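J.: return atomic coordinates for the entry below.
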Amino acid sequence: MSATYLRLWRLLLRRPGTLALAMLGMAGAAAATGLFAILIGPALKLIFATGAVTAPTWIGGWLGHFLRAQPPARLRSALPLTLLLVAAFRAGFTTLQARQMAELCLRTVADLQEALHRKLLQLPLSFFEGRHSGEVFAGFSNDLGHVERALTQGVTYSLRDAFQLTALVWVSVALDWRLFLLGGCTLPIGVFAIARFARALRGVSIELQERQARLVAQAQDLISGATVLQVYRAQATALRVEARAEDELLEVGRRSAIVRAAVTPTIEFLAQAALALVLLWMSLHRLDLPPEKVVSFFGAVILAYQPLKSISTNSQWIVPGLTAAARLFRLLDAPAAIADAPGARALAPKPGPIDLAFEGVTVRYGEREVLSDVNLDIRAGERVAIVGPSGAGKSTLLHLLPRLLDPSSGVVRVAGQPVRELTLRSLRHHIGWVGQEVFLFDASVADNLRVGGAGADIDRALAASGALEFVQALPQGLDTRLGERGLRLSGGQRQRLSLARALMKQAPLLLLDEALSALEPQLEEEILDRLTALGSATLVLVTHRLRTAERFDRVLVFEQGRLIEAGPPAALLRSSGWFARAHAAGEHET
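T.: You can find the predicted model right below:
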C-alpha cells in the first residue's frame, strides 16, 4: 500500500510549480492559525480587563514586539485589528491552497485516465476473454472515482491538516511544554487506533468495490438482455439474482459503515481524555502561568482537535482510493502481449494486393491447440474462402495477420515480411477488417466511416458494400446518428456499413470474418462480385456458407485446428473430402 501511495505522489510531483503554490498556501494558513491561537488569550483578557491594559510579555518575536510598541490607548484597537488581519491572511492562503490542490489533483486524475485509455487499447484479446465488459467498465470508472476522492479530499485534507497540526503543536510546546506532554500522552493510542481502522477499512473496501463492479455488470445484462428476459418470461428470476447481489453489496456496505462510524467517536474520546488529564493535573498542581497564556494554550489544543479528527477520518477516502489505485496500477503495468519488437521496421506502402504466408504455425490456449502446424501460401490478389465446423480455428487464423494474437510457434508473413518484425502501426495500415461481432460507434454514419479512412470516396465505399441505398434513405443521411453499437440499424445493415468502413481504408488486404452472414445469399453474392470487380485487395473470407465459398478462387477447409483441404472449389467438389461430402449431403451452411 505504501508503494501505491508513493506512486500517486510521483504523479502529483509531475507539476512541481502547482504543488509548491499549494504548499505555500497550506503553510501560510497554518501559520495564521497558530497566530490566532496565540492571540486569543490576550484578546479575551482585553475584553474583561478594566483600566489600562498592557501587551503580554510572554509573546515573543515580531508579534510581541509589535504589540508592546503600541501605547495602552491604542492596544485595545490594535489587538482586534491584528486578529482581523490574521483571519484575512488565513482566508487568502486557504483559498490559494484549495485552488492549487484542486487543479493538481484533477489534472493528475485526467493524466491517469488518459494513460488507462491508452493501455486498454493496447491490451491483447486474452485480457478481455472471461471478463464481463460491464465489470471492466465499472471497475475502471469506480476506481478512478475512488482515486479522485482520495486525492482531492484525502491527500489534500491530510496535507492541510498536517500543516495545521504542526503549527498548533509548535504553539502548544512554546506556551508550556509540560502541559503539551501531558496532553499528548493519548497520541500513541490514537495512532494505533487509526492504523487498525485503516487496516479493517482496506479489506472491506476491496470487497465493496468488487461487488459494486459485479452489480453494474448484472445491471448491464438486464438492459442488454431485456428482450430475451421478456420473451422467456424470466424477469422474476433475473430480479431475484439482482436482489441477491444487492443484498450482498448492502451487507458489505453495512460493515464498511460500522468501521467508518467508529473512527470519529474514538478520536473524540481520546482528545477529550487528553484535555481532562490536563485539567486534572492543573487542578492538583499550582502553575505560575498568566491566565491569558493558559487560555491561548487551550485555544491551540481545541483548534488542533479539528485537524487531528480530520486526519483520522481522511482514511475513509485514502484507503479505498489506494485500493483502487493499486488495481489501476496493476492494469497499467500489465505487459502488452502484442507490441513492437526491438528494431521493428515499417512495412512499406503497397500499391496493390499483397501475398500472405503461414509457415508451421501453431496456436495454443493453455494446453489446447487451436491451430496445429499450418503451412499455407496465399497469392497477391487471390480470393480465398475458409470453411469448416465451429471451433476449427478459422477466426484464429485471421487474428494472426493483424497480430491480434501471436502464434505459439511458426512464422506469419505479410508481403513476404514476418509480421513480428514489422511495426504494428504499419502492418495494420495495410489491413481492412470486418469481424464476427460488428461494432459501430454511437456517432453519425459519416463519423463511423471515417474511422476507416478520411480521404476515401464515401459513396464508392457505400456502393461497393451495398449500403448506399439504405444510407441515403436514413432521416439525415450520412449525418444520421446510429445509437449505441449501431442498434438503430438491422443486423445486415450494420454488417454492410462495417464493410464500407473497411473499404474506406483502401487496404491491400481485406479480412472478412463472417462479415456478411446476416445478409440474404443473393445480396451477399452481389456484394462479393463488387469486391471482386474492385480487384484492389487480397480477399480472405471466413464463411459458413458453402455456396458462397464456391465463388472464390480457392477454398481452405479447417477441422480441429488443422488445414485438411485446400484447392479450387471445383477440384474439391470432385474429391471425396470434407467439402465434397458436406456439399453432397446438402449442407450448404456449416
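
J.: please count neighbours and contacts with C-alpha atoms only from this point.
T.: Will do.

J.: my read: residue 308 touches residue 165, true?
T.: Yes - using C-alpha atoms under 8 Å, residue 308 is in contact with residue 165, at 7.0 Å.

J.: comparing the two, which residue is more hemmed in?
T.: residue 165 (24 against 21; other C-alpha atoms under 10 Å).

J.: so where's the stretch 201-350 of the chain uncertain?
T.: 220, 223-229, 231-233, 287, 336-337 (pLDDT under 70).

J.: tell me where it has helices.
T.: Ranges of helices in the stretch 201-350 of the chain, per DSSP state H, counting those that start in this stretch, are 226-231, 235-284, 291-313, 315-333.

J.: OK, contacts around the spatially most central residue of the chain?
T.: Closest to where the C-alpha atoms of the chain average out (C-alpha atoms, centre = their mean) is residue 140, at 3.7 Å. By C-alpha atoms under 8 Å, 6 or more residues apart in numbering, the contact list for residue 140 reads residue 328.

J.: if we use 10 Å, what do you get?
T.: Residues near residue 140 by C-alpha atoms under 10 Å, 6 or more residues apart in numbering: 113, 116, 117, 134, 213, 324, 327, 328, 331.

J.: which one of those residues has the most neighbours?
T.: residue 324 (24 neighbours).

J.: please name the nearest non-neighbouring residue to it.
T.: residue 143 (4.7 Å; C-alpha to C-alpha, 6 or more residues apart in numbering).

J.: buried ones in whatever helix or strand residue 44 lives in?
T.: Under the criterion of DSSP states H and E, residue 44 resides in helix 16-48. Neighbour counts using 16 or more other C-alpha atoms under 10 Å place 18-19, 21-43, 45-46 of helix 16-48 among the buried residues.

J.: just stretch 80-88 next, same as before
T.: Quick answer for stretch 80-88 (16+ other C-alpha under 10 Å): 82, 83, 86, 87.

J.: show me what contacts the residue nearest to the last one when sequence neighbours are not counted?
T.: What that stands for is residue 87. Excluding its sequence neighbours, the residue lying closest to residue 87 (C-alpha to C-alpha, 6+ apart) is residue 32, at 7.1 Å. Counting by C-alpha under 10 Å, 6+ apart, residue 32 makes contact with 26, 38, 83, 85-91, 93-94, 164, 167.

J.: go again with 8 Å.
T.: 86, 87, 89, 90.

J.: show me the strands in the chain, by range?
T.: Secondary structure of the chain (DSSP state E): strands at 356-365, 368-378, 383-387, 409-414, 417-418, 431-434, 509-513, 538-542, 554-559, 562-567.

J.: adjacent strands (with direction) for the last one?
T.: Within its sheet, strand 562-567 is paired with strand 554-559 (antiparallel), according to DSSP bridges.

J.: run the chain-centre distance for the strand it pairs with.
T.: 42 Å (C-alpha atoms, centre = their mean, to the nearest Å).

J.: now stretch 96-108
T.: The answer for stretch 96-108 is 20 Å, by C-alpha atoms, centre = their mean.

J.: was I right about residue 168 contacting residue 299?
T.: No - Residue 168 lies out of contact with residue 299 (C-alpha under 8 Å); the separation is 9.4 Å.

J.: so between the two, which is more surrounded?
T.: Remark: of residue 168 and residue 299, residue 168 carries more neighbours, 29 against 21, as counted by other C-alpha under 10 Å.

J.: mind listing what the more buried one touches?
T.: Per C-alpha under 8 Å, 6+ apart, neighbours of residue 168: 30, 33, 34, 37, 300, 301, 303, 304.

J.: tally of neighbours for residue 69?
T.: Neighbours around residue 69, by other C-alpha under 10 Å: 12.

J.: do you know how far it is from residue 78?
T.: Computed with C-alpha to C-alpha, to the nearest Å, the distance linking residue 69 and residue 78 is 10 Å.

J.: wait, which of the contacts of residue 140 is closest to residue 546?
T.: Top of the list for closeness to residue 546, among the contacts of residue 140 and by C-alpha to C-alpha, is residue 134 at 36.8 Å.

J.: return the set of residues that bridge with the nearest residue to residue 369 once chain neighbours are set aside.
T.: Spatial nearest neighbour of residue 369, excluding adjacent residues (C-alpha to C-alpha, 6+ apart): residue 363 at 5.9 Å. Note on residue 363: beta-bridge partners by DSSP bridges are residue 371.

J.: hmm, residue 363 is touching residue 393, no?
T.: No - with contact defined as C-alpha under 8 Å, residue 363 does not reach residue 393; the gap is 9.1 Å.

J.: hey, what's in contact with both of those two?
T.: 370, 371.

J.: and the closest residue to residue 355 other than its chain neighbours, how many neighbours?
T.: Setting aside the residues directly before and after it, residue 355 is nearest to residue 380 in space (C-alpha to C-alpha, 6+ apart), at 4.1 Å. By the measure other C-alpha under 10 Å, the count of residues near residue 380 is 19.

J.: just the one 3 residues further on next, same as before
T.: Burial of residue 383 is recorded as 22 neighbouring residues (other C-alpha under 10 Å).

J.: surely residue 332 meets residue 121?
T.: No - contact criterion C-alpha under 8 Å: residue 332 and residue 121 do not qualify, at 11.4 Å.

J.: which one's more surrounded, these two?
T.: Shown here are residue 332 and residue 121; by other C-alpha under 10 Å, residue 332 has more neighbours (18 against 9).

J.: and the gap between the more buried one and residue 405?
T.: 20 Å.

J.: now do residue 480
T.: In terms of C-alpha to C-alpha, residue 480 sits 35 Å off from residue 405.

J.: now do residue 270
T.: Taking C-alpha to C-alpha, one finds residue 270 at 59 Å from residue 405.

J.: same check on residue 303?
T.: Looking at residue 303 against residue 405, where the rule is C-alpha to C-alpha, the gap reads 61 Å.

J.: kindly report the same for residue 78.
T.: 77 Å.

J.: remind me which residues of the stretch 51-200 of the chain are low pLDDT?
T.: Applying pLDDT under 70 to the stretch 51-200 of the chain flags residues 51-60, 63-64, 67-68, 72-73, 75-76, 124-139.

J.: quick one: the helices in it?
T.: Counting by DSSP H, counting those that start in this stretch, the helices of the stretch 51-200 of the chain are 61-68, 72-122, 125-128, 133-149, 156-175, 177-183, 187-224.

J.: hmm, who's touching stretch 528-548?
T.: 352-355, 379-388, 394-395, 464-465, 506-515, 517, 521, 524-525, 549, 583, 587-590.

J.: out of these, which sit inside helices?
T.: The members of those that map onto helices under DSSP state H are 394, 395, 464, 521, 524, 525, 549, 583.

J.: of these, which is the most crowded?
T.: residue 394 (27 neighbours).

J.: for the record, mean pLDDT for stretch 454-465?
T.: Stretch 454-465 comes out with an average pLDDT of 81.

J.: output that stretch as CSV, restricted to C-alpha atoms.
T.: Taking C-alpha atoms only, stretch 454-465 is exported to CSV below (Å, rounded to 0.1, in the frame of the first residue of the first chain):
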residue,chain,number,x,y,z
ALA,A,454,-10.8,10.1,-44.1
GLY,A,455,-9.6,10.6,-47.6
ALA,A,456,-11.5,7.9,-49.5
ASP,A,457,-14.7,8.2,-51.6
ILE,A,458,-17.6,7.6,-49.2
ASP,A,459,-20.2,6.9,-51.9
ARG,A,460,-17.9,4.5,-53.6
ALA,A,461,-17.3,2.5,-50.4
LEU,A,462,-21.0,2.5,-49.6
ALA,A,463,-21.9,1.4,-53.1
ALA,A,464,-19.4,-1.5,-53.1
SER,A,465,-20.7,-2.7,-49.7
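
J.: my guess is residue 413 meets residue 357, correct?
T.: Yes - contact criterion C-alpha under 8 Å: residue 413 and residue 357 qualify, at 4.9 Å.
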